[in-house]
Structures are given as C-alpha cells and as structure tokens.
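>>> next comes the sequence, and after it the predicted model I'd like to discuss.
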Amino acid sequence: RLPEGLDLARKCLVVDLEVIADNYKAFTRAMPDTRIFYAVKANPAPEVLKLLADLGSCFDTASVAEIEMALAAGATPERISYGNTIKKERDVARAHQLGISMFAVDCVEEVKKVSRAAPGARVFCRILTDGAGAEWPLSRKFGCDPDMATEVLLHAHALGLKAYGISFHVGSQQTRLGAWDSALAEAKSIFDSLAGHGITLSMVNLGGGFPTKYLKPVPGTATYANAIHDGLAKHFGNAIPETIIEPGRGMVGNAGVIKAEVGLVSKKHANDNVRWVYLDIGKFGGLAETMDEAIRYPITTAKDGSPMELCVIAGPTCDSADVLYEKNPYPLPLSLSIDFLRLDKEQLVGADLHRVVFEDRIVHHADPRRQEIVVIILSHVGQAKKSIAQLSDFRTDVHCQRLEFAFSHAKLRFAAGDTGLALIENRKLDAK
C-alpha cells in the first residue's frame, strides 16, 4: 500500500486486476471441469484475493496466514486447501479449527501429524516429478517417490483420514506440453494400487506450472488444457477423476510491472567491455527467480532504440549473491546512466534518475535483506485505489510501453489531488 505523501517517482509495482480476471476466465473456459485453486503465494495482495474469491476461485495456501487471508477475502473453508507438505502440528490444528479439511502430505510422518490435529480430514499425497522443460524447476524438497505414495495413503486410511488423491507439480514456467503425461501415468498407477487394497482415490491435483510470457512466446492456456485432457483420457480412460489446478504465475505473472531505479552504472577495469548496472531492486526484493538466471524478465528503458551494449545487472544489497544477470548479460542502451537526471515532464514527473521497467509479480516473503517496494493495485482501468500526494501530473509514454500494457492496453493520464489520483485521459492504444 502507498504511504501518505509518497509519489510515483519511487520504485513501485503496479498490478492490474483486469488482467488477472481475464486470466482466471481463460482457465475456466479451457478447463471447465477442473477446480481452480489459486496459489496464494504468487501474489497474496488482498485486492487480488478478493477479486478471485468473487469470481469463484478456490485457494491453495501454504500457511495459516494465507488461509486467514483467503477467508478474509470471502472464500469459504471448503474452497481452501492447505497445500504445503511441511506443516507444524499446531498450524494443522489451527487450520482444522478454521474449517480447512484438505491437506497435502508426502510422508508417513506428516500423515501422523494431520491425523492427530485434524482427525477425519482429506489428504492427498504429493509425488516427485523430474521437472524437465521448466524454466524454474522445483527441487526434491516437496513430494515423495511415486512408489512410496501407496504406503503414505494406506497409512492415512489406517489412521482414519480420507485418502483423497494424488498431487504433483511439473515445475514452474513449464514450456513442455507433455510434462503432465508422465505424472498422470504415475498417478494412475497409484490409483490402481490403492484400489487393490479396497481404497478408491477420487482426485488428481495437477499443480501449477502454467507459464506466462517473458522474452519468449509460450503456448496459450487452451493448448495446455488440451494436452492435459489428452493425458487424462490416455491414462484414465472414461474414469477421469476429479481434477484441480493450482496456477500462480499463470494467473498473475503478466498482470504487473515493476519500475526500478538505476543507482549506478560502472566498469570493473578500464578496458572492460561489459558495464555493471545496479538497480534498487534485486534478488532479495522480489526478483528471487533470477537465481541461476532462470527467469529472464523483459526490460524497457527510456533510451530504447538507441545503441545497445551488454551489461551485468545487479541488485542493491551488500550480499555478493545479489547479481541478477552476469553469465548471460543483458543488452541495454549505451546512454543508460545516472547522469540522465531529469526526464521530460510529459514522460514522468519526479523522475530524477533513469528508470528501468520490469514485468513481474510481487513476492510477499519476509526477508530482512529485502527492500521496501510500493504496490499500486488497479481495480479496473482508470481507477487507482491508492492515495498519492505531491504528484502534479503523471502520464505513461513511449518509454513505458510495458506499463501501458499493464493497464489493459489503455493510455492513461492522471492528475493528483488531496484524495488521490484522478483519471483525466483514457484512450486505447493501437497494437504495435
């Protein structure tokens, strides 16, 4: 939220709720028989949760705090899953007290905790996948070997829990359409194994992995949905189980833009062919997925179109690991410099240093090294439900193409008063 008196000259993240609503509707059209459990960790802003709750979404939560946020947004307990396989027993008890009845597990030890703290609850067992094709592959931290899942669910049944189904995650920003096929084959094998013990599983949690576009095109939601449906039909035939998806990045990843400030441009030696560009946001301020340079965000600057040169991009902290792109430097304008102290008022008022725009989603994980970032939520095009003082005139312009797209392809011109921003111009842009 914007503190009183803070202007838009500071770094900020702008999130457009209309884009998120469009993404949700795309999932419901493409997978009408599948329940959508939005992964709250992707962006837990109350405005985002309220929008999705009103649209009918369910919620995949990873903590009691996220459960409480989903409930506060209007979701009922039966629309919430506690999907973290690593839970304190007191947190399971609190979730159960709040009415949550569906829990993820991946080992017998976790099953025992759930049976004590949430007797009679439904549990689904998460299995490991190889993550091939994912730009942000997941580690072996979550899930068990498929051969172990039968034992886990048999133990759950023996302790009075409802053995509900199987879950998996094929890896974040998954670009391989066939990634779900092998996991569905494993799920069917486990279904058959439990059936041999007289236990009928009824649900497959297909997880997340649905990508958003960064630098490279990705298949659309309907294309992924068709591939998943083909996999279900291939392995389950006419007995297709209940299905769940847990989109995070695919729901909110293209709905936000981060504006960041260049604090320093320098070289490491006199004949260095690569400059270092230091931003006021880095790995510990919301861009953790630049780790190992896995996710490469689109970047635009006010000098785009001028001669370019490869640059290393780093964050602002004193942690030496806070380097975003070094192995594969980014091409940025040669003229990018902190010497460019002022921008034309018609471009961005209050800009006293050069800006770079990142597309991203906000990350709300507490970290003592993270830097403060301002968040602006647009409830619809033309309305910013935040108070901004000391801003006389703001207009997105050529150098903020990404920002314009975050506003549903509308060019907006705002004027600020004592109570906040007022829209004084809103016209559609021609697609370029």
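Okay, I see it.
>>> use CA for all of it now, contacts and neighbours both
Noted.
>>> do you know the pLDDT at residue 147?
What the model reports for residue 147 is a pLDDT of 92.
>>> could you do residue 186 as well?
Residue 186 is given a pLDDT of 95.
>>> so who does it touch?
By CA atoms under 8 Å, 6 or more residues apart in numbering, the residues touching residue 186 are residue 146.
>>> and the helix or strand that residue 125 is a member of, what's its mean pLDDT?
According to DSSP states H and E, residue 125 maps onto strand 122-126. Mean pLDDT, strand 122-126: 97.
>>> just the CA trace of it, in CSV.
Taking only C-alpha atoms (Å, rounded to 0.1, in the frame of the first residue of the first chain), the coordinates of strand 122-126 have been written out as CSV:
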residue,chain,number,x,y,z
ARG,A,122,-9.0,-35.5,3.4
VAL,A,123,-5.3,-35.9,2.4
PHE,A,124,-3.7,-36.1,-1.0
CYS,A,125,-0.1,-37.3,-1.5
ARG,A,126,2.3,-35.3,-3.5
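>>> neighbouring contacts of that strand?
85, 101-107, 142-144, 149, 152-153, 156, 161-168.
>>> swap in 6 Å and give it another go.
101-106, 143, 161-168 (CA atoms under 6 Å, 6 or more residues apart in numbering).
>>> check stretch 58-65 too.
Contacting residues not belonging to stretch 58-65 are listed as 36, 37, 38, 39, 40, 67, 79, 80, 81, 82, 83, 84 [CA under 6 Å, 6+ apart].
>>> from these, which land in helices?
residue 67 (DSSP state H).
>>> among the contacts of strand 122-126, find the lowest-pLDDT one for me.
Among these, residue 143 has the lowest pLDDT, at 79.
>>> relative to residue 85, how far out is that one?
From residue 143 across to residue 85, the span is 8 Å (CA to CA, to the nearest Å).
>>> show me where the stretch 51-200 of the chain has its helices.
64-72, 89-97, 108-117, 146-158, 179-195 (DSSP state H, counting those that start in this stretch).
>>> can you list these in CSV and add distance to residue 248?
Shown next, in CSV, are the helices of the stretch 51-200 of the chain (distance: least, CA to CA, whole Å):
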stretch, distance to residue 248
helix 64-72, 14
helix 89-97, 22
helix 108-117, 25
helix 146-158, 24
helix 179-195, 17
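>>> and residue 278, what element?
strand 275-279.
>>> same for the helix or strand immediately after that strand in the chain, what does it pack against?
Sequence-wise, the next helix or strand beyond strand 275-279 is strand 299-301, with elements assigned using DSSP H and E. With contacts taken as 3 or more CA pairs under 6 Å, 6 or more residues apart in numbering; DSSP states H and E, strand 299-301 sits against strand 355-359.
>>> neighbour-wise, give me the winner out of the contacts of stretch 58-65.
Taking other CA atoms under 10 Å as the neighbour criterion, residue 38 ranks highest of these with 30 neighbours.
>>> who's it bridged to?
residue 59 (DSSP bridges).
>>> roughly how far apart are it and residue 56?
With CA to CA as the criterion, residue 38 and residue 56 are 11 Å apart.
>>> next one: residue 142
28 Å.
>>> over to residue 64?
Residue 64 is 21 Å from residue 56, by CA to CA.
>>> now swap in residue 111 and tell me
30 Å.
>>> who has more neighbours out of these two?
Between residue 111 and residue 56, counting by other CA under 10 Å, residue 111 is the more crowded of the two (24 against 16).
>>> for the more buried one, give me its contacts.
residue 156.
>>> one more time with 10 Å
85, 103-105, 123-125, 152-153, 155-157, 159, 161 (CA atoms under 10 Å, 6 or more residues apart in numbering).
>>> of these - the most surrounded one?
The most crowded member of those, judged by other CA under 10 Å, is residue 105 (31 neighbours).
>>> kindly state the beta-bridge partners for it.
Those that pair with residue 105 in a beta bridge, by DSSP bridges, are residue 125.
>>> okay, and which of the contacts of strand 122-126 map to strands?
Counting by DSSP state E, the contacts of strand 122-126 place 102, 103, 104, 105, 162, 163, 164, 165, 166, 167 in strands.
>>> what number of residues lie near the nearest residue to residue 19 once chain neighbours are set aside?
Residue nearest to residue 19 in three dimensions, not counting chain neighbours: residue 255, with 5.4 Å by CA to CA, 6 or more residues apart in numbering. The burial count assigned to residue 255 is 27, neighbours taken as other CA under 10 Å.
>>> and residue 88, by the same measure?
Residue 88 - counted by other CA under 10 Å - has 14 other residues nearby.
>>> and the one 10 residues further on, by the same measure?
When neighbours are defined as other CA under 10 Å, residue 98 has 15 of them.
>>> do you know the pLDDT at it?
Value listed for residue 98 in the pLDDT field: 98.
>>> and residue 404, by the same measure?
30.
>>> now do residue 226
92.
>>> run the angle between the helix or strand hosting residue 229 and helix 179-195 for me.
Here residue 229 is covered by helix 221-236, with elements defined by DSSP H and E. Angle, helix 221-236 to helix 179-195, by axes from the mean of the first three to the mean of the last three CA atoms, to 10 degrees: 30 degrees.
>>> how far does helix 221-236 sit from its chain's centre?
Centre-to-centre, helix 221-236 and its host chain are 23 Å apart (CA atoms, centre = their mean, to the nearest Å).
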